[in-house]
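In: Any chance you could fold what I've pasted below:
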Amino acid sequence: MIYRVRHETRYDYETPVSVSHHIVRLTPRTTATQKLIDSWIIVTPRPSVTRDHEDYFSNRVTSFNLLEPHEVMAVEAISEIIVHAPPPVDFAESQPWEIVRDSRESDIESCQFAFDSPRAAAMPQLADYAYESFTPGRPIFEAALDLTSRIHADFRFDSKATEVSTPVETFWEKRRGVCQDFSHLEIACLRSIGLPARYVSGYLRTQPPPGQPRLAGADASHAWCSVWSPAQGWLDFDPTNNCVPSTGHITLAWGRDYGDVSPVYGVLLGGAEHTVDVAVDVMPLEDPQDLTAAPKA
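Out: Model prediction:
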């Protein structure tokens, strides 16, 4: 699939902001199943300083400074990506999960995702919940798929039940939340039994109800998680939708939890209260000739 993704974020401040510094992670990664064709970020008002670099997890980051007073800031990210279906996985033939747990320290890249992070820490009750899927000798990906299905069945999606700062303990108790909460819970469950797991941010292609037109800006950012096996590498699981991501998922960034991949983050002087409006479009392109060149600054 070929996609054009448009992600717009607008901040309206109650009082002028005199100076602000921001970092954004809005450029999709190139992976084994995804190729970034082009991407550009437009900031209004125009930044005084802009810099592109990679963070610790090799996510592409754009940082910028606004040094003039402003009451509105808008960040528009446009990307064009080709997404391929991942190769078939035989879940039953993956390694027993205990082997992965016991060998994690031999792989530095995956080992760092087995430890607690601020939003996805191990807890005894989560270990007990995970062990219902991770029975002795069970293949790791088969067990992870079962855990994904159980979380999907036991917890309900509710966009008003949690906030960005809601800890996994609250989601565990309320049993309601958003994709970020579902992903943090599965990661915390896996870490509770000693397994590496990472947080993935991105986009999900949505389909309008039958007979209704597709609405501009109606798509959304999404999140899921990845599980590690030394023999097969990372495999993605989406507990919110009870599936293994394929061509409908677009990877933006990954890290230990949401805090490592926040799409827009900043420090500012002034502004008082503010409102945030976000609109996302994930548009399939039928013809490669529909790909466009980046606009000139």
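
In: Quick check: closest non-adjacent residue to residue 111.
Out: In space, and not counting its chain neighbours, residue 111 is closest to residue 104: 5.1 Å by CB to CB, 6 or more residues apart in numbering. Yep, even glycine has a C-beta here, placed from its N, CA and C like the rest.

In: go on, residue 194?
Out: Residue 194 sits nearest to residue 101 (CB to CB, 6+ apart), 4.2 Å away.

In: How about the contacts made by that neighbour?
Out: 193, 194, 195 (CB atoms under 8 Å, 6 or more residues apart in numbering).

In: hmm, try it at 10 Å
Out: By CB atoms under 10 Å, 6 or more residues apart in numbering, the residues touching residue 101 are 114, 134, 140, 190, 193, 194, 195, 196.

In: How about the contacts made by residue 24?
Out: So residue 24 contacts 7, 9, 41, 43, 60-64, 75, 77, 262-266 (CB under 10 Å, 6+ apart).

In: Report how many residues lie close to the residue nearest to residue 111.
Out: Other residues lying near residue 104 total 20 when counted by other CB atoms under 10 Å.

In: Please apply the same query to residue 12.
Out: 14.

In: and what of residue 175?
Out: 12.

In: Could you check the pLDDT of it?
Out: Here, the pLDDT recorded for residue 175 equals 96.

In: for residue 295, same thing?
Out: So residue 295 comes in at 40 (pLDDT).

In: returning to that earlier point: so among the contacts of residue 24, which ones count as buried?
Out: If you count burial by 16 or more other CB atoms under 10 Å, the buried members of those come out as 7, 9, 41, 43, 60-64, 75, 77, 262-264, 266.

In: Keep only those of those that are in helices.
Out: Under the assignment DSSP state H, the buried ones among the contacts of residue 24 contribute nothing to helices.

In: for residue 100, what are its contacts?
Out: Shown in contact with residue 100 (CB under 10 Å, 6+ apart): 94, 107, 110, 114, 139-141, 194-196, 227-232.

In: Pretty sure residue 231 sits against residue 90.
Out: No: between residue 231 and residue 90 there is no contact under CB atoms under 10 Å: 11.3 Å.

In: what's the single longest strand in the protein?
Out: As assigned by DSSP state E, the longest strand anywhere in the chain is strand 2-27.

In: So which bits of that one are buried?
Out: So for strand 2-27, counting by 16+ other CB under 10 Å, buried means 2-9, 11, 13, 17, 20-27.

In: ok, now stretch 132-140?
Out: Buried, per 16+ other CB under 10 Å, within stretch 132-140: 133, 134, 138, 139, 140.

In: which among those gets closest to residue 81?
Out: Lowest distance from residue 81 to those (CB to CB) belongs to residue 140, with 28.7 Å.

In: shouldn't the closest one be in contact with residue 97?
Out: Yes: Residue 140 lies in contact with residue 97 (CB under 10 Å); the separation is 4.1 Å.

In: Now do the shared contacts for those two.
Out: Going by CB under 10 Å, 6+ apart, residues that sit against residue 140 and also against residue 97 are 134, 190, 195, 227, 229.

In: just the buried members of these?
Out: So, by 16+ other CB under 10 Å, the buried ones in the shared contacts of residue 140 and residue 97 are 134, 190, 195, 227, 229.

In: Which residues are in contact with residue 199?
Out: 57, 113, 117, 119-120, 180, 183-184, 186-187, 223-226, 253-261.

In: Could I have the buried ones of those as ChimeraX selection syntax?
Out: Buried members of those, defined by 16+ other CB under 10 Å, are picked up in ChimeraX with:
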select :57,113,117,119,120,180,183,184,186,187,223,224,225,226,253,254,255,256,257,258,260,261
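
In: So what's the residue count around residue 269?
Out: Residue 269 - counted by other CB under 10 Å - has 11 other residues nearby.
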